[in-house]
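**Q** Sequence isn't available, so here's the structure alone:
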């Protein structure tokens, strides 16, 4: 078999594998099931680029068909991904000396984390003002011992805070434990912090119930300085995440920050030389300016921690 024939077969296989799901993913605008395909948009770009050299080596008409599929795949995939890099992340010029920033650590610890002591040391070494945990496991006791206040003892998602006056929420905690809420008071007044742990997007009924309840909770509190953080189990290029971006009325500060997987643990058994899904997110109201956003190290979980520093926007130097 000639090289051009083999190249044509490989180019068509790869370009088809990229173009078909990339085009179907556009249906995520109206279908939860098709929206699942949007999460893998970077993979469609990678497949398209992998198909490209084979397409150039292929003979006609395979070359023309493969190149057409590659163009379609890249166009559809970039339509999902590119807006993430163009959106506002809340950054402004450096804060003035009068600004008092706050540091937030967001981390899905994983309940069976075997490196709990290392994870606790790392989190405490960050000297965070607010820690938002999912499946907090061994970190809960370390934070409580360090003087942090905890919300919602039985919830999978919890807020730990230190150095603030705490106002307990006026609504019952979520019975399924996927979120918890606290209002904190600093020298500028009260602001609400919400921790969340959403289901995988394949759990359609549970996700719909969570989304409706969460929107109701968010609507109860002022949004100017609200902070929402958690494991949302959805990527920025999904239409579900775009709807939250719009409906929350907040600015998502984590832009294309890949946080999963961090290793072959938990339910993830595939090799993970690098994270390929950005599913942990931090939102904050327009009253906060983004100072920095960083991804932490591997700490025994299948998620990487996220560290976000915010400063009051009205004292940011312009």
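**A** All right, it came through fine. Worth saying up front: this structure is predicted, and the values here are computed from it rather than measured.
**Q** quick one, domains of this structure?
**A** Using automatic domain parsing, the domain parsing of the chain gives 3-85, 102-315.
**Q** Let me see the mean pLDDT of the last one.
**A** Domain 102-315 comes out with an average pLDDT of 90.
**Q** next one: the first one
**A** Confidence for domain 3-85, expressed as mean pLDDT, is 94.
**Q** Nearest to residue 92, out of the domains of the chain?
**A** Among the domains of the chain, the nearest to residue 92 by Cβ to Cβ is domain 102-315 (4.4 Å). Glycine gets a C-beta too; all of them are placed from N, C-alpha and C.
**Q** circling back to that earlier point, any chance of the domains of the chain in CSV, with distance to residue 92 and mean neighbour count too?
**A** Converted to CSV, those look like this (distance: least, Cβ to Cβ, whole Å; neighbours: other Cβ atoms under 10 Å):
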stretch, distance to residue 92, mean neighbour count
domain 3-85, 18, 19
domain 102-315, 4, 19
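**Q** out of those domains, which comes closest to residue 91?
**A** domain 102-315 (4.6 Å).
**Q** Export the domains of the chain as a markdown table, with columns for distance to residue 91.
**A** A markdown table is the format used below for the domains of the chain (distance: least, Cβ to Cβ, whole Å):
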| stretch | distance to residue 91 |
| --- | --- |
| domain 3-85 | 13 |
| domain 102-315 | 5 |
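**Q** Pull the contacting residues for the residue nearest to residue 26 when sequence neighbours are not counted.
**A** Leaving aside its sequence neighbours, residue 26 sits nearest to residue 76 (Cβ to Cβ, 6 or more residues apart in numbering; 6.1 Å). By Cβ atoms under 8 Å, 6 or more residues apart in numbering, the contact set of residue 76 is 19, 22-23, 25-26, 44.
**Q** Kindly report the same for residue 256.
**A** Contacts of residue 256 by Cβ under 8 Å, 6+ apart are 84-85, 236, 278.
**Q** right, and residue 280 touches residue 302 too?
**A** No - with contact defined as Cβ atoms under 8 Å, residue 280 does not reach residue 302; the gap is 11.1 Å.
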